[in-house]
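>>> Below are the sequence and a predicted model; questions follow.
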Protein chains: 2
Amino acid sequence: MLTPREDVLRKCQDAKQAAPILALASTDDKNKGLTQMAAALQDHQDEILQANTVDIEKAQAAGAAQAFIDRLTLTPARIAEMAQGLCEVAALPDPVGEAVQMFRRPNGLDIAQIRVPLGVVGIIYEARPNVTADAAGLCLKAGNAVVLRGSSDALNSNQVIVSVLKQALQDAGLPAGAINLIEDVSREAAAEMMRMHGYIDVLVPRGGAGLIKAVVETASIPVIETGVGNCHAYVDASADLEMARNIVINGKCQRPAVCNALETLLVHADVAEQFLPQMVQELQDNGVEVRGDKRVRKWACVKPAVESDWEEEYLDLIIAVKVVDSLEAAIEHVNRYGTKHSETIITKDYAAARKFLQAVDAAAVYANASTRFTDGGQFGLGAEIGISTQKLHARGPMGVTELTSTKFVIHGDGQVR
Amino acid sequence: MLTPREDVLRKCQDAKQAAPILALASTDDKNKGLTQMAAALQDHQDEILQANTVDIEKAQAAGAAQAFIDRLTLTPARIAEMAQGLCEVAALPDPVGEAVQMFRRPNGLDIAQIRVPLGVVGIIYEARPNVTADAAGLCLKAGNAVVLRGSSDALNSNQVIVSVLKQALQDAGLPAGAINLIEDVSREAAAEMMRMHGYIDVLVPRGGAGLIKAVVETASIPVIETGVGNCHAYVDASADLEMARNIVINGKCQRPAVCNALETLLVHADVAEQFLPQMVQELQDNGVEVRGDKRVRKWACVKPAVESDWEEEYLDLIIAVKVVDSLEAAIEHVNRYGTKHSETIITKDYAAARKFLQAVDAAAVYANASTRFTDGGQFGLGAEIGISTQKLHARGPMGVTELTSTKFVIHGDGQVR
């Protein structure tokens, strides 16, 4: 029996050994690996479903909520989606080797800034076994080895998926150490992983606010924060109110459990009377619980919003609504309570749009569009490893390009200073 | 008397309040500020020199080494250089507002990824008062507020410089909170600064390996590691040996105390006999202490190198020399002992150059040129805030561009998903 430290160290060592091989692997070889990984998932569908059944039965026995069981559950269709995802990653352009810039200096030195893999990427995620294949595929495409640490609830599923993927890689002539799963699902092992200086180059937590906060606080290796989204829509005095209603309904109701869903609606006082009664009605007709400040409750019969409502990412059919006196007040509210994810203004006023887009500090700022577009696929960037809400390295949807670093490559003829 | 926590918190609050104003400041306004900062340094030269004399006398009384006193000492010429540096930063292109990419989606959304300031940058540095003005200037150009924490030995100098710069900013109509100096120079205050989540967006330590290690270990906010350079030159079997000697002498002797200076020389066994005697002699003629492995000592009379020599950044006229049997052995040595800063191969062999450039994992890899070129100015990138040796966000010389983040700005006409 390995100690938590030993399990983590062994997996990290395997990843570190594989990383330089992957860094030099050709695009063709990596794509062959991805394609064989996709095929292997389908070829071993029965084994994967069997292991998944064990996880589901354990979760049911422990009395897990239905939404949790849903996320944990794999089906032939979901496995086909995972395989399809890997094929889509194979079809993406390879970021490695791309020149970010390239120039010749007066002394004749040719300097190129070239994309290279990060090395070893750590992913910590919750009970969604499909993330196992998605994350492994994206990391491989960018030439990185990956160390995965999934939830204990999905351990059986993850073990079979990773073993199938590792075999596929070996069959494709790539090192099995490209994909590694921490099988000790204790907190101690997770904490060890977050301190693997010299082994893991970057840690990406994927999951809810609690998981991300825990990783940011515990990790001593660089972390990319992802995903928490307290997103706002601001309906300006000049807004096209029908457009505003469409965007609010889309943002709140289309898929409330995701990070780019709308959580707070700000309405300019000048249009509050005209806009709010119908908007609130429409939200309620869509099953949304509306919580409003004092002035909202002048125009609509809703539950009072309290201070904590402005801070909360509901991820549910609940929305907080506030009346503001000016564009500036809206910007201030967004910058104060937002999580720097996605924010939108609905306006016909050129200056208001320009000011909101410039002054709001977030990964994605919109004029007259739904916050639901903040997504690698919707942006046309391909599959994403997460949506970064921090400012260093990557901000917004992170695809394969964000899983790379750069190095300067300099060709000379004997130049000295 | 403020507690360490209070001093740090107050300065960080001032910075955070100034940041959104700086983020929206025009290039003209920022350049005006930089120009007035430069003028103010020269106008207040006497005050600055007077404060500097106090610092120098204290350091002398404490028995500081001459090299330390040299770094601490300001002169009219050095103040003129600081002013000149600010004018050069004013002349650089403004990275803020630059589109990294911009595209239209099939649904008509126009998506631009735009450079924006990071927000608040923290700089922790040693007893070089010129860094105070350099760092403040670069941060301002990129639209950031800065919180500076210099060495206690330079406190008087830093206080006067910062007060002069703050006044100049105010005269230029910019917030004085753009530049802040932590005046409590206790370790407690430094540790507080490294944990100012929500206030400081990134921390850049500038100084020796000890300072950088301490910051990386203590900080809970994102850090960009800079500057430690255990740089190698590898003389391949096919090298032009005269070129190799030039590059080695330049790398080791031109300025041994800097991070891109050479620390280890690797020589292919096939040319050891022909190359080493003269190379070692030439190094010794330049006052360099040579430490060689067993095989080096067959060809030259030098002190034995021990394991720790391969790891050390001497920053002095000392070099470790080793004979290797192959290009692969050289690459392995570099990737094992290097600090991922700057590495060079001297070769006439196309395949060897290509392999070294691809397989060596460092911020800058050279073929047939001196490692001494790793520098923002030499690369033509303008003044630098440091040389990043990490892989996230920035790698290699970091200029104003690396002091920015990005955001996605999306213009729509009511699009929903």
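Here it is on my side, so go on.
>>> what about the nearest residue to residue A:31 once chain neighbours are set aside, neighbour count?
Leaving aside its sequence neighbours, residue A:31 sits nearest to residue A:90 (CB to CB, 6 or more residues apart in numbering or on different chains; 4.4 Å). Every C-beta, even on glycine, is put in place using the N, C-alpha and C of the backbone. Using other CB atoms under 10 Å in any protein chain shown, residue A:90 has 21 other residues around it.
>>> For the closest residue in space to residue A:276 that isn't next to it in sequence, give its distance to chain B.
Leaving aside its chain neighbours, residue A:276 sits nearest to residue A:299 (4.2 Å; criterion: CB to CB, 6+ apart). As defined by CB to the nearest CB, to the nearest Å, residue A:299 lies at a distance of 23 Å from chain B.
>>> Let me see the contact set for residue A:299.
A:272, A:273, A:276, A:277, A:280 (CB atoms under 8 Å, 6 or more residues apart in numbering or on different chains).
>>> Over to residue A:310?
A:264, A:320, A:322, A:333, A:337.
>>> got those as CSV, with distance to chain B and pLDDT columns?
Supplementary listing: the contacts of residue A:310 in CSV, determined by distance: CB to the nearest CB, whole Å; pLDDT from 0 to 100:
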residue, distance to chain B, pLDDT
A:264, 18, 98
A:320, 20, 98
A:322, 21, 98
A:333, 14, 98
A:337, 13, 97
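>>> Could you pick out which of the residues you listed are located in helices?
A:333, A:337 (DSSP state H).
>>> helices or strands next to the lowest-mean-pLDDT helix or strand in chain A in the packing?
Within chain A, no helix or strand scores below helix A:209-218, which has a mean of 84 by mean pLDDT, DSSP states H and E. The elements that helix A:209-218 packs onto, with contact taken as 3 or more CB pairs under 8 Å, 6 or more residues apart in numbering or on different chains; DSSP states H and E, are strand A:120-125, strand A:202-206.
>>> and after that helix, which helix or strand comes next?
strand A:231-235 (DSSP states H and E).
>>> Point out where the stretch 201-350 of chain A drops to low pLDDT.
Within the stretch 201-350 of chain A, no range satisfies pLDDT under 70.
>>> quick one on the thing from earlier: so how do I select the buried members of the contacts of residue A:310 in ChimeraX?
To isolate the buried ones among the contacts of residue A:310 in ChimeraX, judged by 16 or more other CB atoms under 10 Å in any protein chain shown, type:
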select /A:264,320,322,333,337
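>>> Leaving out sequence neighbours, find the closest residue to the residue in the stretch 251-400 of chain A positioned nearest to chain B.
In the stretch 251-400 of chain A, the residue that lies nearest chain B is residue A:369 (2.9 Å; CB to the nearest CB). Among residues not flanking residue A:369 along the chain, residue B:412 sits closest, at 2.9 Å (CB to CB, 6+ apart).
>>> can you give me the strands for the stretch 101-250 of chain A?
A:110-117, A:120-125, A:145-149, A:179-181, A:202-206, A:231-235 (DSSP state E, counting those that start in this stretch).
>>> which stretch among those comes nearest residue B:192?
Distance to residue B:192, taken as CB to CB, is lowest for strand A:202-206 among the strands of the stretch 101-250 of chain A, at 24.9 Å.
>>> Go through chain A and flag its longest strand.
What stands out as the longest strand in chain A, according to DSSP state E, is strand A:404-415.
>>> Okay, buried residues for that strand please.
Here strand A:404-415 shows A:404, A:405, A:406, A:407, A:408, A:409, A:410, A:411, A:412, A:414, A:415 as buried, counting by 16+ other CB under 10 Å.
>>> for it, packing partners?
Using 3+ CB pairs under 8 Å, 6+ apart as the test, strand A:404-415 ends up in contact with strand A:110-117, helix B:241-253, helix B:350-359, strand B:364-369, strand B:396-398.
>>> Any chance of TSV for the ones you listed, columns mean neighbour count and distance to residue B:184?
Below are the helices and strands packed on strand A:404-415 laid out as TSV (neighbours: other CB atoms under 10 Å in any protein chain shown; distance: least, CB to CB, whole Å):
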stretch	mean neighbour count	distance to residue B:184
strand A:110-117	21	40
helix B:241-253	21	40
helix B:350-359	18	47
strand B:364-369	27	37
strand B:396-398	25	27
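>>> Surely residue A:17 is in contact with residue A:180?
No: in this structure residue A:17 lies outside contact range of residue A:180 using CB atoms under 8 Å: 10.5 Å.
>>> Among the helices and strands packed on helix A:209-218, which comes closest to residue B:135?
The nearest among the helices and strands packed on helix A:209-218, by CB to CB, is strand A:202-206 at 25.9 Å.
>>> okay, the angle between that closest one and strand A:120-125?
20 degrees (axes from the mean of the first three to the mean of the last three CA atoms, to 10 degrees).
>>> any idea of the angle strand A:202-206 forms with helix A:209-218?
Using the same axes, to 10 degrees, strand A:202-206 lies at 160 degrees relative to helix A:209-218.
>>> Can strand A:202-206 be said to contact chain B?
Yes: counting by CB under 8 Å from any CB of the partner chain, chain B is contacted by strand A:202-206 at residue A:202.
>>> Could I get the helices and strands packed on helix A:209-218 in a markdown table, plus columns for mean neighbour count and distance to residue A:158?
As requested, these are exported to a markdown table (neighbours: other CB under 10 Å; distance: least, CB to CB, whole Å):
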| stretch | mean neighbour count | distance to residue A:158 |
| --- | --- | --- |
| strand A:120-125 | 26 | 10 |
| strand A:202-206 | 25 | 13 |
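>>> Mind listing what's buried along the longest helix anywhere in chain A?
Of all the elements of type helix in chain A, the one with the most residues (DSSP H) is helix A:4-24. Using 16+ other CB under 10 Å as the test for burial, helix A:4-24 gives A:4, A:7-9, A:11-12, A:14-16, A:18-20, A:22-23.
>>> Would you tell me which residues of the stretch 251-400 of chain A are close to chain B?
A:251, A:254, A:335, A:353, A:357-359, A:361-370, A:372-374, A:378-380, A:390-393, A:395-396.
>>> What helix or strand is residue A:38 located in?
Assigned by DSSP H and E, residue A:38 falls in helix A:27-43.
>>> who's in contact with the helix or strand just after that helix?
Toward the C-terminus, helix A:27-43 is succeeded by helix A:45-61 as the next helix or strand (DSSP H and E). The contact list for helix A:45-61, computed with CB under 8 Å, 6+ apart, reads A:41, A:68-69, A:72-76, A:79, A:127, A:129, A:153-157, A:159-161, A:164.
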